[in-house]
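In: Sequence first, then the predicted structure:
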Amino acid sequence: MRGRVMQMPLLVSSLIEHAARVHGDREVVSRIMNGSIHRSTWGEVRDRSRRLAGALQGRGVGLTDRVATFAWNTHRHLEVYYAASGMGGICHTVNPRLHPTQLTYILNHAADRVLFLDPPFIPLVEAVVDQLESIEVYAVMCDSDELPESKLPGAIAYEDLLAEHDGDYEWPELDENTAAALCYTSGTTGHPKGALYSHRSTVLHAYGIISPDVFNLSRAASVMPIVPLFHASGWGLPYGAAAAGSKLVFPGAQLDPTSITELLRDEEVTHCAGVPSVFIPLLKHWRESGAKKPPELELMVIGGSAPARSLIESIEGEFEIEFRHAWGMTETSPLGSTNVLTPGERSMPPARRSEYHLKQGRPPFGVQLRIVDEDGEVLPNDGVAFGELQVRGPWVVDGYFADDTERLTSDGWFPTGDVATLDPDCNIRITDRTKDLIKSGGEWISSIDVENTAMGHPGITMAAVIGVPDEKWMERPILVAVPGTDPPPSDDSVLEHLGATLAKWQLPDRIIWVEALPMGATGKVQKTKLREEHAGG
Ligand code: AMP
């Protein structure tokens, strides 16, 4: 017997319609590219995203077409989120920090038809425009009179594109399992891979993130995603804030501590979220300038990399803001777990309390976790046994965009590549990664890519890249190499060689010349040994 309830698909358009209908006056505030503050509301975001959807449709963009963004966090980026998904297309957020060859690969692989970009990114796109195979519309996110001269064919100002439609646009009724958004991750080996979220997964994830143990969002909240909208949909905050009716505050391109502090204070931000490396300079700024913490700020949700104990202790002890540790991945939309302390744990002395905070926390309802050994046998949740963390849930991917490879285990779990222990209550402690990937300031560096490129240098016969702890970026790569010439090539020539195909921040901080690399029995470089020898700096 079926239950007697209505069938209503869970759609991204229903989020923006709800926000406009119920919380239409709640503000969406952005720092735009010229540094000034732009004020908008959920009602205006709905109206403008409908107009944009109509304009895109007028240009022939239709169901499942990919619409790429190359942009900082602003109201316009938010409008593209809703327009592209709401009309049945796929909003594809692209990370502008990648090397041009990686960008070209991603834009061509996704076969994007439209590219929305912020004016500062025009030169980056111009440099590869001849290699872009599918883009028909370049929409520069600016006013009509701000459109710079460029080599982008037919480039149009965002506001001119918007003006192509009168706004009388109705969202289509889609199947809730239709794809809505696409985000490539470099957190895997090989080429970047596209996590393809559905309308249903996006809406369920929005319910998940607004819940008390995650972001605890409500109409009363003013939330600032410092995490970029091109990192796993800004952790879902553009959708969650719409569901909850929270005020949304976007920092744009100005991520320096002074600008962030100003916005936090002026917009009475209560909640903010980002990777550890953005909070370290922020706290340092508060400490050194004698500026008090923005008075309304209650909660900092930090994830993407493991935060240092000193960071946690100063957030809670020095600045009296609640710290919440979160873990997740692009493939998990990204919410996988959060760590909320009980009153008993909170009342512990600071050092003991940060012990609790260092763990990545428990999964919210919907997400299930387990750890397995090398043979795939499930290990006990005893806080001692460690193995690969596997995950499943209604917002966890089961494969990648345009990729037929089976990614799940035979019994339907997604292997995360993280190594962890699980407590009896499913509290995670990440101890390592199975893949030799390095995460620097929230962005991935593939050690294999750097190694292969390094070995293309005529003066290098063998190379290994390891991540070493770094106070500012959490992890940084160093290159350990065996020279093929005597004397070894200069560091400058190696860096120049690497810089031809890798982004500047992906280059190693140090090059260490050795006679030989430590090899294991199976002929692989023993990176654990290298880390032991060199991680101390
Ligand atoms: P991404 O897909 O870029 O969001 O990266 C996901 C990966 O970042 C995870 O698989 C972890 O390796 C790492 N990560 C995310 N959150 C944390 C955390 N709180 N502590 C340690 N590592 C984390």
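Out: Everything's here; your move.

In: So residue 197 lies in a strand, does it not?
Out: Yes: counting by DSSP: H, G, I helix; E, B strand; the rest coil, residue 197 is found in a strand.

In: For it, give me its contacts.
Out: 179, 180, 181, 182, 183, 205, 233, 333, 395, 397 (C-beta atoms under 8 Å, 6 or more residues apart in numbering). C-beta here means a position set from N, CA and C on the backbone, and glycine is covered the same way.

In: Quick check: it vs the ligand, distance?
Out: Plainly put, residue 197 is 13 Å away from the ligand if you go by C-beta to the nearest ligand atom, to the nearest Å.

In: follow-up on the earlier one: now cross-check the contacts of residue 197 against the ligand and list the overlap.
Out: Counting by C-beta under 6 Å from any ligand atom, the subset of the contacts of residue 197 that neighbours the ligand is empty.

In: And the pLDDT for residue 148?
Out: For residue 148, the pLDDT comes out at 96.

In: Show the contacting residues for it.
Out: Shown in contact with residue 148 (C-beta under 8 Å, 6+ apart): 119, 122, 140, 142.

In: Would you agree it falls within a strand?
Out: No: if the criterion is three-state DSSP, then residue 148 is coil and not within a strand.

In: so after the lengthiest helix in the chain, what's the next helix or strand?
Out: If you go by DSSP state H, the chain has its longest helix at helix 42-58. As assigned by DSSP states H and E, the chain's next helix or strand after helix 42-58 is strand 66-70.

In: tell me the angle the helix or strand that that next one is followed by makes with helix 42-58.
Out: Elements were assigned by DSSP H and E; along the chain past strand 66-70, the next helix or strand is helix 75-86. Per axes from the mean of the first three to the mean of the last three C-alpha atoms, to 10 degrees, the angle that helix 75-86 makes with helix 42-58 is 60 degrees.

In: what about the helix or strand just after helix 75-86, average pLDDT?
Out: Per DSSP H and E, the first helix or strand lying C-terminal to helix 75-86 is strand 90-93. Strand 90-93 shows a mean pLDDT of 98.

In: Okay, now the sheet partners of strand 90-93, with direction.
Out: Using DSSP bridges, the strands paired with strand 90-93 are strand 66-70 (parallel), strand 179-185 (parallel).

In: Please tell me how far it is from the chain's geometric centre.
Out: Relative to its chain's centre, strand 90-93 lies at 13 Å (C-alpha atoms, centre = their mean, to the nearest Å).

In: and the next helix or strand after that strand, which residues are buried?
Out: Per DSSP H and E, the first helix or strand lying C-terminal to strand 90-93 is helix 100-110. Under the neighbour-count criterion of 16 or more other C-beta atoms under 10 Å, helix 100-110 has 102, 103, 104, 105, 106, 107, 109, 110 buried.

In: so where's the stretch 301-450 of the chain uncertain?
Out: Filtered on pLDDT under 70, the stretch 301-450 of the chain yields no residues whatsoever.

In: Contact residues of it facing the ligand?
Out: 303-306, 325, 327, 329-330, 334, 360, 416-418, 430, 433, 439, 444.

In: can you put the contacts of residue 148 in a markdown table and add neighbour count?
Out: Below are these laid out as a markdown table (neighbours: other C-beta atoms under 10 Å):
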| residue | neighbour count |
| --- | --- |
| 119 | 19 |
| 122 | 21 |
| 140 | 25 |
| 142 | 20 |
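
In: The ligand next: which of those are close?
Out: Counting by C-beta under 6 Å from any ligand atom, nothing from the contacts of residue 148 sits close to the ligand.

In: which one among those residues gets closest to residue 535?
Out: The nearest member of those to residue 535, counting by C-beta to C-beta, is residue 122 at 40.1 Å.

In: What about the contacts of residue 148, which are in strands?
Out: residue 140 (DSSP state E).

In: Which members of the contacts of residue 148 occur in helices, if any?
Out: Short answer: these in helices (DSSP H) are residue 122.

In: Now for the contacts of residue 148: which two are most distant?
Out: 122 and 142 (10.0 Å).

In: hmm, back to that, run through the buried residues of helix 100-110 and flag the ones next to the ligand.
Out: Okay, of those, nothing touches the ligand (C-beta under 6 Å from any ligand atom).

In: what about the closest residue to the ligand within the stretch 151-300 of the chain, which SS state?
Out: Closest to the ligand within the stretch 151-300 of the chain is residue 187: 4.1 Å, counting by C-beta to the nearest ligand atom. Judged by three-state DSSP, the three-state class of residue 187 is coil.
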